[in-house]
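[1] need a 3D model of the sequence below.
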Amino acid sequence: MMPTTAKPTLPNERIQSLDLLRGFALLGILLINIQLFGLPNASFANPSVMGDLSTPDYFSYYIVNVFGELKFMTIFSILFGAGMLLFINRLNDKGLDGAKFHVRRMIWLLLFGMLHAYLIWFGDILVAYAIVGLVAVLLRKMKDSWKIVLCALLYLIPMGFFYLVGSFFENMPPEMAKETMADFSPGPELLTAEIDLCQIGSWFDIFVKRAQLNMNYQVGSFFMLSLWRTTGIMLLGMVLLNNGVLVAAKSKLFYFLMALTGIGIGTFFANEGFHRIVETKWEIIYFFKYGYQFNYFGSLFTSLGYIGLILLVYQMKILRFFTKALEAVGRMAFTNYLCQSIICSIIFYSYGFGMFARYSRTELLVWVLLIWIFQLISSSIWLKYYKMGPFEWLWRYLTYKEKPQLSLNVKYQ
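    Take a look at the predicted model:
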């Protein structure tokens with residue numbers, strides 16, 4: 001029997017619950033990313049560098065930090081691991097070498113990520129996902145029990161790195177400490193230089209700064225955090241897929257308890273860590289050694305709780321208008337992720353409207369809401385006429401080496 005030709009998943013073959021979760025995670029990521037687009041880099045970990053927070057801004061920072069930071073990225077990583085396994089298994093079932101197509105798919109994702117990181121925004125996640133995707137795929141055949149054990153071990157490794165970094169800062173020579181701390185608590189001159197660069201600097205000047213930041217993110221942050229955490233979470237995604245959790249195959253009670261327990265435990269840790277960091281006035285040594293650890297540890301529980309909540313809503317068939325729109329965003333997650341970066345670049349950088357550092361944290365959340373509304377509506381309208389987003393089309397074309405049909409008016413043979 002001749003193997004069938006590899007083709008993208010047809011719209012009627014997609015798993016709705018996965019698209020729904022993907023859309024939820026994609027929109028949630030913007031809560032975090034817009035702060036890095038719209039405010040000086042140091043203000044992400046230390047909001048006091050921009051001055052005292054107003055009451056609305058303090059509340060906005062609290063909401064984003066406790067309920068958003070790391071949570072939506074974790075869901076996305078879980079779904080990426082599940083999607084990887086689903087992709088390979090579907091091709092294997094057709095008599096094809098799914099792993100071979102996956103490797104090609106990750107290589108192209110790596111290229112997309114590098115272009116995104118250097119030409120658009122330094123906070124790219126695609127490069128890390130592509131590299132980790134090539135690692136995690138090697139572990140896909142492990143028993144689920146061993147995947148869980150490995151996930152737990154890998155997840156804890158960055159906590160050790162955080163502590164070591166804090167200890168290093170604590171014991172470094174005074175002059176070196178002063179220079180290092182400038183990255184976390186920059187003075188007025190450095191802040192003004194960063195703001196001027198983003199508001200009125202040339203595209204090339206911003207590109208140079210972006211390239212410098214990418215070296216930190218794609219090397220330092222990758223080996224300290226992403227390699228371990230993301231690999232472990234992708235393995236967890238495979239386990240959740242294998243056991244029917246992500247495809248809404250469990251009972252309503254299961255998802256209710258998953259939501260209640262996960263969000264409860266995760267919020268407890270994140271809230272505790274937030275207030276400890278505030279009490280120390282965002283002191284960087286404490287931040288790394290202890291403060292950030294609470295949110296890091298709790299974020300996995302919150303993420304699982306969010307998954308339980310969304311799938312409970314899905315099973316109960318409530319808010320159908322909203323969940324269908326979220327599914328559309330999820331089906332076009334690659335396109336929508338890149339479009340978020342393009343939109344934010346236009347809003348905040350000099351080659352657009354140059355609104356960097358002109359909005360408060362609360363005002364940035366208004367922009368988040370506007371972009372959410374745009375993507376919910378535009379994704380729903382696009383998928384009335386086309387089978388996939390434009391960047392999904394390009395990625396699949398490069399992966400399968402066969403041009404997929406885009407228009408809904410043309411059927412597969």
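
[2] rest of the way, CA atoms for contacts and neighbours
    OK.

[3] list the contacts for the residue positioned nearest the centre of the chain?
    Taking CA atoms, centre = their mean, the centroid of the chain lies closest to residue 73, which sits 3.3 Å from it. With contact taken as CA atoms under 8 Å, 6 or more residues apart in numbering, residue 73 is in contact with 25, 29.

[4] for whichever strand or helix holds residue 99, packing partners?
    In this assignment (DSSP states H and E), residue 99 forms part of helix 98-119. In terms of contacts (3 or more CA pairs under 8 Å, 6 or more residues apart in numbering; DSSP states H and E), helix 98-119 is packed against helix 71-93, helix 126-136, helix 203-215, helix 390-400.

[5] let's see it at 10 Å
    helix 71-93, helix 126-136, helix 203-215, helix 333-348, helix 390-400 (3 or more CA pairs under 10 Å, 6 or more residues apart in numbering; DSSP states H and E).

[6] buried residues in that helix?
    Across helix 98-119, burial judged by 16 or more other CA atoms under 10 Å covers 98-99, 101-103, 105-110, 112-114, 116-118.

[7] same check on stretch 331-340?
    By neighbour count on 16+ other CA under 10 Å, the buried set for stretch 331-340 is 331, 332, 333, 334, 335, 336, 337, 338, 340.

[8] same thing with stretch 267-286?
    Buried residues in stretch 267-286 (16+ other CA under 10 Å): 267-271, 273-274, 276-277, 282-286.

[9] closest to residue 164 out of those residues?
    Nearest to residue 164 out of the buried residues of stretch 267-286 is residue 285 (CA to CA; 10.1 Å).

[10] so residue 61 touches residue 361, yeah?
    Yes: between residue 61 and residue 361 a contact is recorded at 7.0 Å, counting by CA atoms under 10 Å.

[11] which neighbours do these two have in common?
    The contact sets of residue 61 and residue 361 overlap at 35, 47, 53 (CA atoms under 10 Å, 6 or more residues apart in numbering).

[12] so which of the residues you listed is the closest to residue 356?
    The shortest gap between residue 356 and any of the shared contacts of residue 61 and residue 361 belongs to residue 35, at 10.0 Å (CA to CA).

[13] just give the nearest non-adjacent residue to that closest one, would you?
    Closest residue to residue 35 apart from its sequence neighbours, by CA to CA, 6 or more residues apart in numbering: residue 44 at 6.8 Å.

[14] how close does the one you found get to residue 50?
    Distance, residue 44 to residue 50, by CA to CA, to the nearest Å: 10 Å.

[15] show me what the strand or helix carrying residue 227 is packed against.
    Assigned by DSSP H and E, residue 227 belongs to helix 227-242. With contacts taken as 3+ CA pairs under 10 Å, 6+ apart, helix 227-242 sits against helix 71-93, helix 126-136, helix 144-171.

[16] pLDDT on the longest one, on average?
    On average, the pLDDT along helix 144-171 is 94.

[17] quick one, that helix and helix 227-242 angle?
    Counting by axes from the mean of the first three to the mean of the last three CA atoms, to 10 degrees, helix 144-171 lies at 160 degrees to helix 227-242.

[18] buried residues in helix 144-171?
    Across helix 144-171, burial judged by 16+ other CA under 10 Å covers 144, 147-148, 150-151, 154-156, 158-159, 161-163, 165-166, 169.

[19] for that helix, what is the distance to the chain centroid?
    Here helix 144-171 is found 19 Å from its chain centre; the criterion is CA atoms, centre = their mean, to the nearest Å.

[20] show me what it is packed against.
    helix 174-181, helix 227-242, helix 284-286, helix 292-316.

[21] and residue 248, which of those is closest to it?
    helix 292-316 (6.1 Å).

[22] which SSE is immediately downstream of that closest one?
    Using DSSP H and E, the helix or strand that follows helix 292-316 in sequence is helix 320-331.

[23] now that following helix against helix 292-316, angle please.
    Using the same axes, to 10 degrees: helix 320-331 against helix 292-316 is 120 degrees.

[24] helix or strand: which one has the spatially closest residue to residue 331 that is not a sequence neighbour?
    In this structure, residue 331 finds its nearest non-sequential neighbour in residue 19, 5.6 Å apart by CA to CA, 6+ apart. Element membership for residue 19 (DSSP H and E) is helix 16-38.

[25] put the alpha carbons of that helix into CSV.
    As requested, the backbone C-alpha atoms of helix 16-38 are provided in CSV (Å, rounded to 0.1, in the frame of the first residue of the first chain):
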residue,chain,number,x,y,z
GLN,A,16,-12.2,22.3,18.9
SER,A,17,-11.1,22.2,22.5
LEU,A,18,-7.4,22.6,21.5
ASP,A,19,-8.2,25.6,19.3
LEU,A,20,-10.3,27.2,22.1
LEU,A,21,-7.4,26.8,24.6
ARG,A,22,-4.9,28.1,22.1
GLY,A,23,-7.0,31.2,21.4
PHE,A,24,-7.4,31.8,25.2
ALA,A,25,-3.6,31.5,25.7
LEU,A,26,-2.7,33.6,22.7
LEU,A,27,-4.9,36.5,23.8
GLY,A,28,-3.6,36.2,27.4
ILE,A,29,0.0,36.4,26.4
LEU,A,30,-0.6,40.0,25.2
LEU,A,31,-1.3,41.1,28.8
ILE,A,32,2.4,40.4,29.4
ASN,A,33,4.0,41.3,26.1
ILE,A,34,2.4,44.7,25.8
GLN,A,35,4.3,45.8,28.9
LEU,A,36,7.6,45.0,27.2
PHE,A,37,6.5,46.8,24.1
GLY,A,38,5.2,49.9,25.8
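
[26] hang on, the earlier thing: which of the helices and strands packed on helix 227-242 sits closest to residue 210?
    It's helix 126-136; of those, that one is closest to residue 210 (CA to CA) at 14.8 Å.

[27] isn't residue 320 right up against residue 313?
    Yes: between residue 320 and residue 313 a contact is recorded at 8.9 Å, counting by CA under 10 Å.

[28] who has more neighbours, those two?
    For residue 320 and residue 313, the more surrounded residue by other CA atoms under 10 Å is residue 313, and the numbers stand at 16 against 12.

[29] and the more buried one, what is it in contact with?
    Here residue 313 is in contact with 252, 255, 256, 319, 320, 323 (CA under 10 Å, 6+ apart).

[30] please apply the same query to residue 183.
    Per CA under 10 Å, 6+ apart, neighbours of residue 183: 41, 42, 190.

[31] and which of these is nearest to residue 217?
    Of all the contacts of residue 183, residue 41 has the smallest distance to residue 217: 12.2 Å, by CA to CA.
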